[in-house]
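Participant: Pasting a predicted model and its sequence here:
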Amino acid sequence: MKIVVDENIPFAQQILSQHGEVVAVDGRTMQPQQLVDVDALLVRSVTKVNQQLLAQANKLKFVGTATIGTEHVEQNYLAERGIAFASAPGCNAIAVGEYVATALLAATEYRYQSLVGKTIAIVGAGNTGSQVAKRAAALGMQVMLYDPPAAEQGTLANSVSFEQVLDADVISLHVPSTKNGKHPTYHLFNQQVLSKLTPEQILVNACRGEVIDNQALLEFAAQGKSPLLVLDVWEGEPTILEPLVKYAFIATPHIAGYSLEGKMRGTSMVYQAMCQALKIEANDLSEQLLPVPEFSQITLKGELTDSQLTKLTQLVYNIFADDRRFRQHGASPSGFDKLRKFYPQRREFSALQVVNQHKQANLGALGFNIQENK
Ligand SMILES: NC(=O)C1=CN([C@@H]2O[C@H](COP(=O)(O)OP(=O)(O)OC[C@H]3O[C@@H](n4cnc5c(N)ncnc54)[C@H](O)[C@@H]3O)[C@@H](O)[C@H]2O)C=CC1
Ligand SMILES: O=C(O)C(=O)[C@H](O)COP(=O)(O)O
């Protein structure tokens, strides 16, 4: 069996080579001739899987994307060809939740404010939005969910109105990128919507760049009229609107979901799906391949202040290091992809065991691994 994988799928070589030849290729520049006689293809979000790419894929039986987003894969075309498909729903949702929580704590410290009692509107109440909601609630925020598709399907009891979203202290975007259907998200935050926001608000985009009209955002930001911006995703990646970077409080190269655990779950989920589709027995080594974290335990002797909580999150995930690297090296197309390819090992909060002498309920809800000290 021959399997082609994006070279940025961690652990793929070790896990898949049990089943045949594994060829790792650059996902951004993958070519049709690389798929001749290939049985399975595993990609990430940067590979457009369409008729053109699969023109010479004469043996292909399975395509998997080790990501949550699926808009880069023409699923109808795969179905027409009888090629099985799987994605990895929710695989890196915890990482996105931790990214947003860390960013919000940093932002409010910068503004000498507290998050307690502030409102957050979460646009898209799926896997990533729910992880953000849980952490925002743990930080004392009032959470509002905006998800008309879920409300119509009856899976969400209370979806607030779009006007309520625009009034929230924090707006955090967690929708897929869609241009069609009843609730398209392309430029959901367009010039008209952005004109209603104020510099006192915080706007987070950790879903897809094109959900915000970046050119319109730049114009408001350049006039000092935009909210405080936390931008992980950009229109046109990897060729982004570079002048926007300097106006963001936090700017990162689409790495919100890049925890090692999140990537590992993505690999594991598509591996399992591949084995099922190709009717082979799975031997998932991913958990075993996860390295021991550099840190392991911290003992808290007193109640944490807001500032100490901010530091605790940054001890595990140094969001400012990501931001710094991006501003220094990442805004050009090659810089953007390079930072993503050579992203340092980032662990989830659960990798840190917190020995907690003063019960602080929110630490567990934030994702830390709590050990009560009796
Ligand atoms: N920055 C990063 O590293 C990452 C970005 N993502 C992006 O985030 C997106 C969301 O991920 P998940 O939450 O896991 O997906 P999900 O599918 O679990 O949830 C998405 C939610 O958005 C809702 N939605 C769709 N259109 C909407 C609209 N017009 N207004 C409000 N809500 C709408 C859906 O009903 C659904 O509940 C992914 O599609 C992906 O593009 C995901 C993971 C990592
Ligand atoms: O899972 C998703 O959806 C994401 O946005 C991924 O975190 C993107 O990572 P790459 O596939 O672009 O490496």
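Facilitator: It's in. Ligands and ions are numbered 1, 2, ... in the order given.

Participant: Can you show me the strands along the stretch 151-300 of the chain?
Facilitator: 170-173, 202-205, 228-231, 250-251, 297-300 (DSSP state E, counting those that start in this stretch).

Participant: quick one, which of those is nearest to ligand 2?
Facilitator: Ranking the strands of the stretch 151-300 of the chain by proximity to ligand 2 (C-beta to the nearest ligand atom) places strand 202-205 first, at 11.7 Å. Just so you know, the C-beta spots here come from the backbone N, C-alpha and C atoms, and that holds for glycine as well.

Participant: for that closest one, packing partners?
Facilitator: Under the contact criterion of 3 or more C-beta pairs under 8 Å, 6 or more residues apart in numbering; DSSP states H and E, strand 202-205 touches helix 93-110, strand 170-173, strand 228-231.

Participant: 10 Å instead, please
Facilitator: helix 93-110, strand 119-123, strand 170-173, helix 214-222, strand 228-231 (3 or more C-beta pairs under 10 Å, 6 or more residues apart in numbering; DSSP states H and E).

Participant: So is that strand next to ligand 2?
Facilitator: No. Counting by C-beta under 6 Å from any ligand atom, ligand 2 has no neighbours in strand 202-205; the shortest distance is 11.7 Å.

Participant: CA atoms only for that strand, dumped as CSV, please.
Facilitator: Extracted in CSV, the C-alpha atoms of strand 202-205 (Å, rounded to 0.1, in the frame of the first residue of the first chain):
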residue,chain,number,x,y,z
ILE,A,202,-12.2,42.9,21.7
LEU,A,203,-12.6,41.0,18.4
VAL,A,204,-11.0,37.6,18.1
ASN,A,205,-10.7,35.6,14.9
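
Participant: Give me the sheet partners of that strand and which way each runs.
Facilitator: Here strand 202-205 has these sheet partners by DSSP bridges: strand 170-173 (parallel), strand 228-231 (parallel).

Participant: Start and end of stretch 237-257, how far apart?
Facilitator: With C-alpha to C-alpha, to the nearest Å as the measure, stretch 237-257 spans 16 Å from end to end.

Participant: Pull out the buried positions in it.
Facilitator: 237-238, 240, 244-245, 247-257 (16 or more other C-beta atoms under 10 Å).

Participant: what do you get for stretch 86-95?
Facilitator: Buried, per 16+ other C-beta under 10 Å, within stretch 86-95: A86, S87, A88, G90, C91, N92, A93, I94, A95.

Participant: From G64, how far out is the first one?
Facilitator: It stands for A86. From A86 across to G64, the span is 5 Å (C-beta to C-beta, to the nearest Å).

Participant: now swap in the last one and tell me
Facilitator: With the distance defined as C-beta to C-beta, A95 ends up 19 Å from G64.

Participant: same question, the second one
Facilitator: S87 sits 7 Å away from G64, taking C-beta to C-beta as the criterion.

Participant: re the thing from before, and which of the buried residues of stretch 237-257 is nearest to A137?
Facilitator: A256 (19.2 Å; C-beta to C-beta).

Participant: which ones are touching the closest one?
Facilitator: For A256, the contacting residues are 92, 95-100, 102-103, 128, 174, 204-207, 230, 232-233, 262, 319, 322, by C-beta atoms under 10 Å, 6 or more residues apart in numbering.

Participant: picking up where we left off before, joint contacts of S87 and G64?
Facilitator: With C-beta under 10 Å, 6+ apart, S87 and G64 have common neighbours V73, G266, M269, V270, A273.

Participant: Among the contacts of A256, which ones lie close to ligand 1?
Facilitator: When these are checked against ligand 1 using C-beta under 6 Å from any ligand atom, the ones in range are N92, V96, T128, H174, A206, C207, D232, V233.

Participant: for these, which one is nearest ligand 2?
Facilitator: Closest to ligand 2 out of these is N92 (5.2 Å), distances taken as C-beta to the nearest ligand atom.

Participant: Mind pulling up the pLDDT for that closest one?
Facilitator: With respect to pLDDT, N92 scores 98.

Participant: ok, for the most centrally placed residue in the chain, nearest residue in space, not its chain neighbours?
Facilitator: Taking C-alpha atoms, centre = their mean, the centroid of the chain lies closest to G257, which sits 3.3 Å from it. Leaving aside its chain neighbours, G257 sits nearest to N92 (3.2 Å; criterion: C-beta to C-beta, 6 or more residues apart in numbering).

Participant: how about the one you found, what does it touch?
Facilitator: Counting by C-beta under 10 Å, 6+ apart, the residues that N92 touches are 66-68, 98-99, 127-128, 131, 255-259, 261-266, 348.

Participant: and what of Q276?
Facilitator: F62, A84, A86, A282.

Participant: which of these lies closest to ligand 2?
Facilitator: A86 (13.3 Å).

Participant: Surely that closest one is in contact with M274?
Facilitator: Yes. Using C-beta atoms under 10 Å, A86 is in contact with M274, at 7.2 Å.

Participant: Over stretch 331-341, what's the mean pLDDT, rounded is fine.
Facilitator: pLDDT averaged over stretch 331-341 gives 94.

Participant: Not counting its own residues, what contacts that stretch?
Facilitator: The contact list for stretch 331-341 (C-beta under 10 Å, 6+ apart) reads 7-8, 26-29, 44-46, 234, 236-246, 251-255, 258, 322, 325-326, 328-330.

Participant: Same question for stretch 266-273.
Facilitator: With C-beta under 10 Å, 6+ apart, stretch 266-273 has contacts from 3, 5, 9-12, 14-16, 18-19, 40, 42-44, 62-68, 84-92, 257, 282-287, 289.

Participant: Phi, psi for V292 please.
Facilitator: Backbone geometry at V292, expressed as degrees, to the nearest 10, gives phi -70, psi 130.
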